[in-house]
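In: here's a sequence, model it:
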Amino acid sequence: MSRRPPAKRRSVRRPSRKRSRQNTDPLVLAVAAVAAVSLVAAVVNWLLTHWWLLLIAATFAAVAATAWWQQHTRRAQWERARAHALRYGLAHLDALSHRQFEHAIRDLMARDGCTDAIQVGGRGDLGADVKATDPQGRRWVIQCKHRRHGERGAAVGTPELQVLNGTGRPVHKADVVVLVTNGRITQPGRAFAWQQRLHLVDRQLLATWAAGSQPLWQLLPALPPPRKASPLF
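Out: Have a look, this model is predicted:
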């Protein structure tokens with residue numbers, strides 16, 4: 001009697017992990033969405049029930065914002081008052097280093113309303129130590145010549161002015177080109193400056209400007225016309 005061969009067992013395929021993940025992800029997302037909505041609804045209901053807490057928080061926030069704004073305003077007013085009150089005497093300017101002298105000139109321009117006044121002097125400055133824009137829109141380029149011994153120091157002459165004249169307008173695009181010194185300026189240098197429309201601030205004019213309250217553009221003659229109207233004038 002012949003025996004039948006044993007029947008082959010059918011292999012049961014198990015669902016792949018990738019397919020199970022695809023089937024599970026939408027369910028997880030749906031549960032997460034329901035949980036998020038429930039949480040938001042619970043928070044909203046709690047806030048509606050405890051509305052007075054929101055009112056207290058808003059009041060504290062308003063008080064804090066008002067206090068910050070008042071402090072910021074007072075600080076800005078104090079800074080403006082301090083800048084407006086800036087004064088230098090010649091003895092103080094004489095005692096400065098050359099770099100400190102440049103910073104002092106920058107600060108005086110800022111005092112007078114040049115909000116963008118910067119000190120740029122240094123190696124490769126091409127004759128410009130301070131740059132600024134006055135309230136009437138004119139661009140200023142200032143070269144500073146500090147003399148440690150003041151009027152007893154070496155006088156500023158034509159060579160220094162020639163460098164400034166060669167770069168002030170062509171390179172720096174200045175409307176007003178100025179040389180400021182706490183010392184003296186030679187007569188040939190003054191003649192050259194007049195010919196080339198360069199403005200000079202010598203020791204005497206520097207003393208008036210630094211110790212007073214008038215801006216430099218009110219002390220210099222024959223300035224170019226304003227670029228824009230200004231409420232300050």
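In: now the residue lying closest to residue 130 once chain neighbours are set aside, what's its secondary structure?
Out: Nearest-residue entry for residue 130: residue 142, 4.2 Å, with adjacent residues in sequence omitted and distances by C-beta to C-beta, 6 or more residues apart in numbering. Where C-beta positions appear, they are placed from N, C-alpha and C, glycine not excepted. Under DSSP: H, G, I helix; E, B strand; the rest coil, the three-state class of residue 142 is strand.
In: ditto for the one 5 residues further on
Out: Under three-state DSSP, residue 147 falls in the coil class.
In: okay, now the residue nearest to residue 130: neighbour count?
Out: 30 (other C-beta atoms under 10 Å).
In: partners of it in the sheet?
Out: residue 130, residue 178 (DSSP bridges).
In: need the contact list for it.
Out: Contacts for residue 142 (C-beta atoms under 8 Å, 6 or more residues apart in numbering) come out as 105, 109, 128-132, 178-180.
In: could you rerun that using 6 Å?
Out: 130, 178, 180 (C-beta atoms under 6 Å, 6 or more residues apart in numbering).
In: of all those, which comes closest to residue 147?
Out: residue 180 (11.3 Å; C-beta to C-beta).
In: grab the nearest non-local neighbour of the closest one.
Out: Per C-beta to C-beta, 6+ apart, closest to residue 180 is residue 201, 4.2 Å.
In: can you tell me the element the residue nearest to residue 226 when sequence neighbours are not counted falls in?
Out: Of all residues beyond its chain neighbours, the one nearest residue 226 is residue 136 (3.4 Å), with distances taken as C-beta to C-beta, 6+ apart. Using DSSP states H and E, residue 136 sits in no helix or strand.
In: how close does residue 189 get to residue 129?
Out: 17 Å (C-beta to C-beta, to the nearest Å).
In: out of these two, which sits in the busier spot?
Out: Taking other C-beta under 10 Å, residue 189 and residue 129 do not tie; residue 129 has more neighbours (25 against 21).
In: for the closest residue to the more buried one other than its chain neighbours, phi and psi?
Out: Counting by C-beta to C-beta, 6+ apart, residue 121 is the residue found nearest to residue 129 once chain neighbours are left out, at 3.3 Å. Here is the backbone geometry of residue 121 (degrees, to the nearest 10): phi -70, psi 150.
In: and residue 121, what pLDDT?
Out: Per-residue confidence at residue 121 stands at 74 (pLDDT).
In: can you check residue 180 too?
Out: Predicted confidence (pLDDT) for residue 180: 98.
In: that one: what secondary structure?
Out: strand.
In: that one and residue 200 touch, don't they?
Out: No. Residue 180 sits out of contact with residue 200 when judged by C-beta atoms under 6 Å, with a separation of 8.2 Å.
In: so which of these two has more stuff around it?
Out: Legend: neighbour count by other C-beta under 10 Å for residue 180 and residue 200, higher for residue 180 (27 against 17).
In: and the next element down the chain from the helix-or-strand element of the chain with minimal mean pLDDT?
Out: Every helix and strand in the chain was compared by mean pLDDT, DSSP states H and E; the lowest is helix 51-84, with a mean of 68. Toward the C-terminus, helix 51-84 is succeeded by helix 90-94 as the next helix or strand (DSSP H and E).
In: which residues of the protein fall in strands?
Out: Secondary structure of the chain, counting by DSSP state E: strands at 118-119, 130-133, 139-145, 176-181, 199-201.
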